[in-house]
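Any chance you could fold what I've pasted below:
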Amino acid sequence: MNKAEFMAICPFELGNKVKLILAKFDDETTYSDGDYIVSDILTTHSLKTGNVTFQIIVKDEFDRDLTPRDIESLMIIN
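Presented below is the predicted three-dimensional model:
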């Protein structure tokens, strides 16, 4: 088993309010109507390439966890 250490900074934090990015075409972006809350952050570190990726799990208004999403498919709101 290989041992690896890494440091990564995720642009999201648990509890952030976000909108889902539903579609992007040229300069137009379509966002979800509802707000979602970040409930978990999955971090994957590749030993082979050294890449670190994040997947974000969000909760809907009914407190249900949705399928993990890439950080590019979310936007933080205030």
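
what bridges to the spatially most central residue of the chain?
Centroid check for the chain by C-alpha atoms, centre = their mean gives residue 56 as the closest residue, at 3.1 Å. Note on residue 56: beta-bridge partners by DSSP bridges are residue 41, residue 69.

Can you tell me how far it is from residue 70?
Distance check for residue 56 against residue 70: by C-beta to C-beta, to the nearest Å, it reads 8 Å. (Glycine included, C-beta is placed from N, CA and C.)

what ranges do the strands span in the chain?
Along the chain, the stretches classed as strands by DSSP state E are 17-25, 28-31, 36-45, 52-59, 69-70, 74-77.

now, of those strands, which is deepest in the fold?
strand 52-59 (a mean of 17; mean count of other C-beta atoms under 10 Å).

Report all helices and strands that it contacts.
When contacts are defined as 3 or more C-beta pairs under 8 Å, 6 or more residues apart in numbering; DSSP states H and E, strand 52-59 packs onto strand 17-25, strand 36-45, strand 69-70.

for it, the distance to its chain's centre please.
4 Å (C-alpha atoms, centre = their mean, to the nearest Å).

and what of stretch 52-65?
Taking mean C-alpha positions (C-alpha atoms, centre = their mean), stretch 52-65 and its chain are 7 Å apart.

Next, the distance between the ends of that stretch.
Stretch 52-65 has an end-to-end distance of 23 Å (C-alpha to C-alpha, to the nearest Å).

circling back: any chance of the strands of the chain in TSV, plus mean pLDDT and distance to residue 3?
Below are the strands of the chain laid out as TSV (pLDDT from 0 to 100; distance: least, C-beta to C-beta, whole Å):
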stretch	mean pLDDT	distance to residue 3
strand 17-25	93	34
strand 28-31	93	41
strand 36-45	96	12
strand 52-59	96	16
strand 69-70	94	27
strand 74-77	92	32
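
Minimum distance to residue 9: which of those strands has it?
strand 52-59 (9.3 Å; C-beta to C-beta).

could you give the angle of that closest one to strand 36-45?
Calculated by axes from the mean of the first three to the mean of the last three C-alpha atoms, to 10 degrees, strand 52-59 forms an angle of 150 degrees with strand 36-45.

quick one: contacts of strand 52-59?
Applying C-beta atoms under 8 Å, 6 or more residues apart in numbering, the external contacts of strand 52-59 come out as 6, 8, 10, 12, 18, 20, 36-46, 65-71, 74.
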